[in-house]
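Trainee: Below are the sequence and a predicted model for it; my questions follow.
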Amino acid sequence: MDLQRYLNASDPMVPRVARTKYIKYVNRFFREHVKWVEYEKRDLCLDDVNYFLNLLESTVEHYYQS
C-alpha cells in the first residue's frame, strides 16, 4: 500500500480522501481481528503506516501458525 503519492498530491482533496480510506482500513482490521490484536494499538497504526503494515504481517503469520 503506497500512500505517499496520495499524501503528496497537488490536489488538496486527495490527501483527505486517502487518509479517510486508510482510517477505514485500520478500523476494519481492528474490528475483524478483535481477538488477536489489542485495540490500544489502533492509534499507533493511524499515526504510522509502517507500524500498521508490520502488524498486518505479524497477524497473518500468527493466523497461519495457529
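Mentor: The structure has been received and is ready for your questions.
Trainee: C-alpha from now on. contacts and neighbour counts both.
Mentor: Will do.
Trainee: separation between residue 44 and residue 21?
Mentor: Computed as C-alpha to C-alpha, to the nearest Å, the residue 44 to residue 21 distance reads 16 Å.
Trainee: so who does the residue nearest the centre of the chain touch?
Mentor: Nearest residue to the geometric centre of the chain (C-alpha atoms, centre = their mean): residue 26, 4.0 Å. For residue 26, the contacting residues are 42, 45-46, 52, by C-alpha atoms under 8 Å, 6 or more residues apart in numbering.
Trainee: same deal with residue 39?
Mentor: Contacts for residue 39 (C-alpha under 8 Å, 6+ apart) come out as residue 30.
Trainee: Please shift the residue numbers so they start at 28 in all later answers.
Mentor: Noted, 28 is the first residue going forward, which turns the last one into residue 66.
Trainee: picking that back up, the residue nearest to the centre of the chain and residue 65, how far apart?
Mentor: 13 Å.
Trainee: Output stretch 50-69 as PDB, restricted to C-alpha atoms.
Mentor: C-alpha atoms of stretch 50-69 as PDB (Å, rounded to 0.1, in the frame of the first residue of the first chain):
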ATOM      1  CA  ILE A  50      -8.700   5.100   8.600                       C
ATOM      2  CA  LYS A  51     -11.500   2.900   7.300                       C
ATOM      3  CA  TYR A  52      -8.900   0.100   6.600                       C
ATOM      4  CA  VAL A  53      -7.400   0.400  10.100                       C
ATOM      5  CA  ASN A  54     -10.800   0.400  11.700                       C
ATOM      6  CA  ARG A  55     -11.900  -2.700   9.700                       C
ATOM      7  CA  PHE A  56      -8.800  -4.500  10.600                       C
ATOM      8  CA  PHE A  57      -9.300  -3.900  14.300                       C
ATOM      9  CA  ARG A  58     -13.000  -4.800  14.100                       C
ATOM     10  CA  GLU A  59     -12.300  -8.100  12.300                       C
ATOM     11  CA  HIS A  60      -9.300  -9.100  14.500                       C
ATOM     12  CA  VAL A  61     -10.500  -8.100  17.900                       C
ATOM     13  CA  LYS A  62      -9.400 -11.400  19.400                       C
ATOM     14  CA  TRP A  63      -5.900 -11.200  18.100                       C
ATOM     15  CA  VAL A  64      -4.900  -7.500  18.300                       C
ATOM     16  CA  GLU A  65      -5.100  -5.100  21.200                       C
ATOM     17  CA  TYR A  66      -7.300  -2.100  20.400                       C
ATOM     18  CA  GLU A  67      -4.800   0.200  22.000                       C
ATOM     19  CA  LYS A  68      -2.500  -0.300  19.100                       C
ATOM     20  CA  ARG A  69      -5.100   1.400  16.800                       C
END
